[in-house]
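Asker: just need the structure, nothing else, for what follows:
(chains A and B)
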Amino acid sequence: MSRYFFYLVFVNMIANVVASVPKILISHREDGAIVSMILSFFSGLVFCYIVTRFFNLFPGQGLPELTRKYLPRWVSFPVLLLIAGSWYIAGLITLVTFSFLLKRFLTPDMPLPWITSTFLLFLTYGILMKSRSVLYTIEFVLLCCLPIIFVITLKAYTTPELRWDFIKEAVMHIYHVPDFSAFSASTYLLLGGFNLIIFNRLFKREQHINWKNMLFIGLAGGASLVTTYFVPIGINGFESIGGIVYPWITTSDALRLEFFVVERVLYIFLLLYLAISFLSVLIHWHVTLELLKSIIWFKRLRWKKRNLTPFLFIGLFWFVSLEIVTYLTEYQLIEYTRYFLNYLLCSFAVMFGLFLFIKRRAEV
Amino acid sequence: MLSRTPENPGDTIKWLSQELKPSFDLVHKPLHMDEKHAELLYIKTVVDGTQLQQLVIKPFFELATDQHVEAYLNSLPNQQDITSKEQMLLEMTKGSVVILIRDHLLLMDIKKVNTDTVQQTSIEPTIQGPQLSLSEDIATNVNLIRQRYHRPSLVIETMELGEKNKQTLAIIYDEEVVLKDVLEQVKRKLKAIKIPIIQSTTELQRLMNDKRRSLMPTMMMTERTDRVVYNLASGKVALLLDGGHSVILAPAIFFDFMTSMDDKYGSYWVTKSLKFLRYSGLFACLTLPGVYVAATSYNPEVFRVELALSIAGSRIGVPYPSFIEVLFMLMVMELLTEASIRLPKAVTGTATTVGGLILGTAATEAALASNIMIIIVAAVAISTFVIPINEMSFAIRVVRYILLAFASLGGLAGLVFGLIGILMYLTQMESFGEPYFKMYWQTKRAETRKIQT
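Answerer: The predicted structure is shown next:
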């Protein structure tokens, strides 16, 4: 597979920390989080494999092109609209969560709408770019961030603050029936491959995902899943982690770099995740915008030789984000995220049905 | 080869001298000896007198008959084809001589060029590598390039540019490796250029830009022949204008501007370290002013306590917010840089000394800027100069202020957003169809040959 595919997968893996995944997992630490994680690990890999195999059959074509070719319009329109909606909300959750984080930890003096507007300003520029440029941006930012994230993770595993007893205690709760929310939350880590619904347009060369690729994704996914769940527990304690709103932020604040210009890892972590979550929103909303453009396009809406339809969508994005960010509380945000992740998992049934149908029609 | 013009050659001569009449340097010289007759018409200031004497006048008197002289002249390599009266006129202004012999017109190229001295490299000096750059004469320059790149597939096409001054432009490329669509685009853009006067190769760069307002250079200007040859061999197109002391290369991507030719000549680890140094310089000069503003005004808690305190301590007595302090000092620094470029060489030393003194000590003593600010400004200034290609370093100077603005508005978060914003701006740019900012992991062929992603 092209290296750009892995970037799409990785961004989701890393950005999950900001999408309340650890919080949801930890809230189920006494009733089946671990089994759900193991299950979701395999199902996530299977999902990833299916979607990649499907799009490998149609090099250079995204989902909109396929539905246009093989489905009647009255089916494709609502389905694509639904998918666009899901992707928009996935991005929105990251955006809102990170706005809260910034407000709380980095720039407490700035009003929340102002923080979100800064985000939106750059996102607007980003999602209007060509898909190709989006991938290049992702590549470079990840290249800058991944080594530092790796060092921080290593630091977290080796710090004396990490008590293995807590982790052992957490492992002891393995004999529980898996929980659906925990299952869907941890599956989210491995769903990055689904961004192929748009980005497959760029993978024009015929390519095939093989077991080496899957092993690589599996290893990275497994490692990030384990780290996401166990490290906060090991550092904050099995009991007391329950009372923490942002488990990973508090965890990173427990780490110290004694011999560096910046002493508290928290700030490095925040800035890194600012970049990563920006990427996550960028990918999701770029997909949303492209999907919307493929189903709704006003030919007449022109001004100075430029079609204004995308700007219409972006206006909508701005409006909804600013409304939501002022309306939600942190508690509600986590609740709704939980609902959304559950819904997202169910909606993939529709997605796979769609894939199967297209595959039959296309006879490949 | 005889060139017969439909009109009477005598009339053509008359017409040509009519057109050039008022000039003092027009020479119309009949040569007579026994039965031999010839006429010379040329502009003496652009013609090499000694060569004319050697090649044309002396043989005329030595050879026996008219026929001999004509045969001799026709065999000279300097002879040019005649297509029209207008072309003859144009060639004469460039330094050709019109000879009328036995009712035939001949055109001889006997130019005198005073700009063909090869100069020392002044814009991109290197430690190792060739020390001579190009001259300002196109023939000499083509010679310099050909002498460094011995390949039959090297193609040099010429065209004329500028509606009034008709400068010769050479399009140079290696036919075997050149990126075909880039070549097409370059030619198309050159054809579209409508400009009365063109003076230098660098001017082309601006004319060939599609966007009216651009920040980053998408073509590279260079005066180094080794760089030209290296780029030709990797499939780029070089443009060379007569009278220009530099070549422009297309396409050019961001990383090209961060490469010095010394990178080719040093040993592996030395080169890698120097590259690392260069990129850290780039990063430092982009972010340092922003980081200073963010760290003093927004997030003093980010840095370790000792550092935060010493920054705050050195700012005691500074009467305005940090971003004004940074802006003020940076502006003075930019003025100093700009002044030392424009000033005559003799005065530059004074300017830098005075500026350095004022910037260095007086500003802190007057509590107009903190000590740490001075260090940052100095670091920023020095690291800007590390960027090897001048145009890029100018662009980076501008970008720095954009980042400073974002950092002043949003602290560290604003700075990170700003950096990503700049990154996105770079990734969506293109240089003749090639992505401007893209990581190249695989071999160059695999990445550039349109086998995308």
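
Asker: any idea which helix is longest in chain B?
Answerer: helix B:390-427 (DSSP state H).

Asker: kindly report the residues of chain B close to chain A.
Answerer: B:298-299, B:301-305, B:307, B:409-414, B:416-417, B:420-421, B:423-425, B:427-428, B:435, B:437-439, B:441, B:451-453 (C-beta under 8 Å from any C-beta of the partner chain). Every C-beta, even on glycine, is put in place using the N, C-alpha and C of the backbone.

Asker: at which residues are the helices of the stretch 1-150 of chain B located?
Answerer: B:9-20, B:49-52, B:58-62, B:66-74, B:85-94, B:138-148 (DSSP state H, counting those that start in this stretch).

Asker: could I get the buried residue list for the fourth one?
Answerer: Okay, so that is helix B:66-74. B:66, B:69-70, B:73 (16 or more other C-beta atoms under 10 Å in any protein chain shown).

Asker: ok, so of the residues you listed, who is nearest chain A?
Answerer: B:Leu73 (59.4 Å; C-beta to the nearest C-beta).

Asker: pretty sure the closest one sits against B:Ile101.
Answerer: Yes - at 6.9 Å, B:Leu73 counts as touching B:Ile101 under the criterion of C-beta atoms under 8 Å.

Asker: list buried residues within the residues of chain B next to chain A.
Answerer: B:298-299, B:302-304, B:307, B:409-414, B:416-417, B:420-421, B:423-425, B:427-428, B:435, B:437-438, B:452-453.

Asker: ok, B:Arg224 to A:Asn210 distance?
Answerer: Relative to A:Asn210, B:Arg224 is positioned 46 Å away (criterion: C-beta to C-beta, to the nearest Å).

Asker: which one's more surrounded, the two?
Answerer: B:Arg224 (23 against 9; other C-beta atoms under 10 Å in any protein chain shown).

Asker: now the helices for the stretch 201-350 of chain A?
Answerer: A:211-236, A:247-253, A:265-295, A:309-327, A:330-362.

Asker: how far does the first one sit from the chain's center?
Answerer: Relative to the centre of its chain, helix A:211-236 is centred 15 Å away, using C-alpha atoms, centre = their mean, to the nearest Å.

Asker: and for the third one?
Answerer: In terms of C-alpha atoms, centre = their mean, the gap separating the centre of helix A:265-295 from the centre of its chain is 8 Å.

Asker: list the contacts for the residue of the stretch 51-200 of chain B found nearest chain A?
Answerer: Distances between the stretch 51-200 of chain B and chain A by C-beta to the nearest C-beta are smallest at B:Asp181, namely 16.3 Å. Going by C-beta atoms under 8 Å, 6 or more residues apart in numbering or on different chains, B:Asp181 touches B:432-433.

Asker: before we go further, it is sitting in a helix, right?
Answerer: Yes - assessed with DSSP: H, G, I helix; E, B strand; the rest coil, B:Asp181 lies in a helix.

Asker: ok, now which ones touch the spatially closest residue to B:Glu430 that is not a sequence neighbour?
Answerer: In space, and not counting its chain neighbours, B:Glu430 is closest to B:Tyr436: 5.9 Å by C-beta to C-beta, 6 or more residues apart in numbering or on different chains. In this structure, B:Tyr436 makes contact with B:216, B:218, B:253-254, B:426-427, B:429-430, judged by C-beta under 8 Å, 6+ apart.

Asker: right, I'll call it a day here.
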